[in-house]
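Colleague: Return a 3D structure for these sequence lines:
(one chain, ligands or ions: 4)
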Amino acid sequence: RAKHAGGNRCELADPEADARAITRHGLTTALPVALERGEFFIEYQPLVHLGDGSVRGAEALVRWLHPQHGVIGPDRFIPLAEHTGLIVPLGRWVLEESVRQARTWQARHADAGPLRVNVNLSPCQLTHPGLVSDTVEILERTGLAPGALCLEVTESALIGADDDLLKPLRHLAEMGVDIALDDFGTGYSNLANLRRLPVSVLKLDRAFTQGMQHYPVDPVDLKIVEGIVSLAHSLDLAVTVEGVETGAQADQLRELGCDTAQGWYYARPGPPDRLHELALADVL
Ligand code: C2E
Ligand code: MG
Ligand code: MG
Ligand code: MG
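Modeller: Ligands and ions are numbered 1, 2, ... in the order given. Presented below is the predicted three-dimensional model:
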């Protein structure tokens, strides 16, 4: 009892920790209401072809416009939504909204190649039985070609994945939906495991790009990226790099054979119309 009380007192002695705890609890309970009230919105960050600088599509990144706290980033509320299960309806909303948006870009921008959209999936969505049927239904209802959708799954979500977990992803991949392995290289990358997974894109984590910020770049770092790219290509996987912040990084990554890039050097995540303008600008 005494111990318990002591623990409590200790928490109260750290007002900042207390405020964080309250906020976390407050945010968690506010999440379902926020979804009902339409407080979530999506920003899109261009995916740029490194060879010719053209915009090929965008990654959808969800944000929460909280009535008191302003804009809250996904790193703060996605874990809470995963914990409470709200990620399933929220993720479905993000998917539908992004797919609808991609369809709108394509209609408005018919002559440039069809713009594509990347949507992040949580591990909880992977195990949810409605994933395939929801996705099929959304694609049919909006008329977006499956090949214009890429679902991003983190490497850690697929660590030790058994066939049951991979089945829905295989099904989607067979329909023509691209599956990307997000944040690749941060976890316990098991390169041999790659061939088992129904993925067609590797997204190299920002950590690799960050390693190329200071010159001269460590030759060992270069060799590692070169090796990953060549392995990916030999397995027929395309390579996208995250977190490109400078032109020098873009040049380096192009030389290393990466296919697509994403990062502040090209554009920060922004509203859907901004993506449309960037795509019209031809090359970034
Ligand atoms: P992610 O999928 O790896 O997305 C890339 C993150 O890097 C985004 O952060 C993006 O804004 C940021 N970024 C892009 N370019 C640069 C750059 O040049 N430099 C730096 N320093 N950062 C850059 P954001 O938007 O805060 O999203 C964070 C994470 O939240 C995402 O990481 C993704 O895992 C998750 N997330 C976002 N939207 C969704 C969603 O709809 N569903 C789920 N399940 N997760 C989402
Ligand atoms: Mg992602
Ligand atoms: Mg990523
Ligand atoms: Mg990342």
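Colleague: and residue 203, that one's in a strand?
Modeller: Yes - under DSSP: H, G, I helix; E, B strand; the rest coil, residue 203 sits within a strand.
Colleague: ok, what's across the strand from it?
Modeller: For residue 203, the beta-bridge assignment (DSSP bridges) gives partners residue 240.
Colleague: Let me see the contact set for it.
Modeller: 152, 180, 181, 182, 183, 184, 240, 241, 242 (Cβ atoms under 8 Å, 6 or more residues apart in numbering). (Each C-beta comes from the backbone N, C-alpha and C, glycine too.)
Colleague: Return the backbone torsion pair for the last one.
Modeller: Spelled out, that is residue 242. Main-chain torsions, residue 242, degrees, to the nearest 10: phi -100, psi 160.
Colleague: Also the first one?
Modeller: Note on residue 152: its backbone torsions stand at phi -100, psi 120 [degrees, to the nearest 10].
Colleague: Need the pLDDT of the residue most central in space within the chain.
Modeller: Nearest to the mean C-alpha position of the chain, counting by Cα atoms, centre = their mean, stands residue 120 at 4.1 Å. According to the prediction, residue 120 has pLDDT 98.
Colleague: Next, the contact list for it, please.
Modeller: Residue 120 is in contact with 59, 60, 61, 94, 151, 152, 182, counting by Cβ under 8 Å, 6+ apart.
Colleague: What about ligand 3: which of these touch it?
Modeller: Restricting these to those near ligand 3 by Cβ under 5 Å from the ion leaves residue 182.
Colleague: Quick check: which of the contacts of residue 120 has the minimum pLDDT.
Modeller: Minimum pLDDT across the contacts of residue 120 is recorded for residue 182, with 95.
Colleague: The helix or strand hosting that one near ligand 1 anywhere?
Modeller: Secondary structure from DSSP states H and E places residue 182 in strand 178-184. Yes - residues of strand 178-184 contacting ligand 1 under Cβ under 6 Å from any ligand atom: 182, 183.
Colleague: Any buried residues in that strand, and which?
Modeller: Within strand 178-184, the residues that count as buried by 16 or more other Cβ atoms under 10 Å are 178, 179, 180, 181, 182, 183, 184.
Colleague: Spatially nearest residue to the fifth one, not counting backbone neighbours?
Modeller: It stands for residue 182. Among residues not flanking residue 182 along the chain, residue 152 sits closest, at 4.2 Å (Cβ to Cβ, 6 or more residues apart in numbering).
Colleague: Please name the bridge partners of the one you found.
Modeller: Counting by DSSP bridges, residue 152 is bridged to residue 120, residue 180.
Colleague: Now for the buried residues of strand 178-184: which two are most distant?
Modeller: 178 and 183 (16.3 Å; Cβ to Cβ).
Colleague: From ligand 2, how far off is the residue nearest to residue 182?
Modeller: 4 Å (Cβ to the ion, to the nearest Å).
Colleague: and the helix or strand hosting residue 133, is it in reach of ligand 1?
Modeller: Taking DSSP H and E as the criterion, residue 133 maps to helix 131-142. No - Helix 131-142 stays clear of ligand 1 (Cβ under 6 Å from any ligand atom), getting no nearer than 12.3 Å.
Colleague: Around ligand 1, pick out the residues from the stretch 101-250 of the chain.
Modeller: Checking the stretch 101-250 of the chain against ligand 1 by Cβ under 6 Å from any ligand atom, the hits are 120, 121, 122, 152, 182, 183, 206, 242, 243, 244, 245.
Colleague: switch the cut-off to 8 Å
Modeller: Counting by Cβ under 8 Å from any ligand atom, the residues of the stretch 101-250 of the chain close to ligand 1 are 119-122, 125, 152, 154, 182-183, 203, 205-206, 209, 242-245.
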